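J.: Dropping the sequence and predicted coords here.
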Amino acid sequence: MIDLLSISGLILGIGAILLGQLLDGGHFGTLINGPAALIVMGGTIGAVMLQSPANIFLRGLKMFFWVFFPPRFYTEETIARIVDWSSVARKEGLLGLELIAEEEDDLFSRKGLELLVDGSEPETMRSIMELEIDAKESFDTLAAKIYEAMGGYSPTIGIIGAVMGLIHVMGNLSDPSKLGSGIAVAFVATIYGVAAANLLFLPIANKLKILVSNEVRFREMIVEGLVSIAEGENPRNIQRKLEGYLDKTSKNYNE
């Protein structure tokens, strides 16, 4: 499901700048400059590629689509499934969950169910599953931070583009026909760098970190439910306990 808020924010942010330029008597064409865009975007991406391991960089590129198509966490449905699992466990024992584990599509939940079937102690289950949560959270957070790094580099790269434009101007003082293009690159490169950081890269980084946090909360809910089953809690009590997560996960994305 597409995130209309992200699209609206992007359109509003860029649109406000363009409209302000128009109302101030300028023209859209003055903000379009190929060399400036190449300097800023190419330099920024190159710097991030240099600082990032390949697996983290590639993961960050894949996570970009989360901004507009965020992962959906079916919190209420998952609570209902966990309660059903607890009912099966009370009636048939933990071994009654073996077939359910084999048919479970979510790999994280399947791993927890397999630990239940194997008769693992509750604290052992919690330790194993929380270790997996922590590892994935750390990896995804590092991937999201590549956009944070882009937000730090792009304004500086924009300044580099501005200096290059001024150097071009100073080297062609004897040819007035070349002064305009050099000055344009100088100022437009700065705009590109600052705008890209504050309208694109930093907001993307923050949005991705929020989504990673939502996924962590969702998985913590699954762990709590499975551990409660291992401890033999009443299905009704398990449901009441897990409903406390409804306002802590990305419930808005489930609607």
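T.: Arrived safely, thanks for sending. Numbering: from 1, shown residues only.

J.: residues in contact with residue 151?
T.: By Cβ atoms under 8 Å, 6 or more residues apart in numbering, the contact list for residue 151 reads 196, 197, 198, 200, 201, 202, 205. From N, CA and C alone the C-beta is placed, and that goes for glycine too.

J.: Closest one of these to residue 63?
T.: Compare each of those with residue 63 using Cβ to Cβ and the shortest gap goes to residue 205, at 10.1 Å.

J.: Counting by contacts, list what the helix or strand containing that closest one packs against.
T.: Using DSSP states H and E, residue 205 maps to helix 202-230. Using 3 or more Cβ pairs under 8 Å, 6 or more residues apart in numbering; DSSP states H and E as the contact test, the elements touching helix 202-230 are helix 75-92, helix 107-117, helix 122-170, helix 235-242.

J.: one step back: of the contacts of residue 151, buried ones?
T.: Burial by neighbour count, judged by 16 or more other Cβ atoms under 10 Å, picks out 196, 197, 200, 201, 202, 205 from the contacts of residue 151.

J.: And for the fifth one, nearest residue in space, chain neighbours not counted?
T.: With sequence-adjacent residues excluded and distances taken as Cβ to Cβ, 6 or more residues apart in numbering, residue 202 is closest to residue 151, at 3.8 Å.

J.: and which of the contacts of residue 151 is nearest to residue 98?
T.: Ranked by distance to residue 98 (Cβ to Cβ), these are led by residue 205 at 42.4 Å.

J.: which residues does the closest one contact?
T.: The contact partners of residue 205, taken as Cβ under 8 Å, 6+ apart, are 144, 145, 146, 147, 148, 150, 151.

J.: Format those residues as CSV; extra columns: pLDDT.
T.: What follows is the contacts of residue 205, written out as CSV (pLDDT from 0 to 100):
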residue, pLDDT
144, 96
145, 96
146, 97
147, 97
148, 96
150, 97
151, 96
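
J.: mind checking the SS state of residue 174?
T.: Look at residue 174: counting by DSSP: H, G, I helix; E, B strand; the rest coil, its state is coil.

J.: So for it, what's the pLDDT?
T.: For residue 174, the model assigns a pLDDT of 70.

J.: Could you shift the numbering so residue one becomes 34, and keep it that way?
T.: Taking 34 as the first residue, the last one we looked at is residue 207.

J.: which residues touch it?
T.: Contacts were defined as Cβ under 8 Å, 6+ apart; by that measure residue 207 touches no other residue.

J.: I'd like the distance between it and residue 260.
T.: Applying Cβ to Cβ, to the nearest Å, one obtains 78 Å for the distance of residue 207 from residue 260.

J.: and if you look at residue 63?
T.: 61 Å.

J.: do residue 107 as well
T.: Here the criterion is Cβ to Cβ. By it, residue 107 lies 20 Å from residue 260.

J.: higher neighbour count, these two?
T.: Neighbour comparison, residue 107 and residue 260: the larger count goes to residue 260, with 23 against 15 (by other Cβ atoms under 10 Å).

J.: That one contacts residue 158, correct?
T.: Yes - under the criterion of Cβ atoms under 8 Å, residue 260 lies in contact with residue 158, with a separation of 5.6 Å.

J.: tell me the contacts of the residue nearest the centre of the chain?
T.: Compute the mean C-alpha point of the chain, and by Cα atoms, centre = their mean the closest residue is residue 241, 2.0 Å away. Residue 241 makes contact with 96, 99, 100, 173, 176, 177, 180 under the criterion Cβ under 8 Å, 6+ apart.

J.: can I get these in CSV with neighbour count and distance to residue 137?
T.: Formatted as CSV, the entries for the contacts of residue 241 read as follows, by neighbours: other Cβ atoms under 10 Å; distance: Cβ to Cβ, whole Å:
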residue, neighbour count, distance to residue 137
96, 20, 25
99, 20, 24
100, 20, 29
173, 22, 22
176, 22, 26
177, 24, 28
180, 25, 33
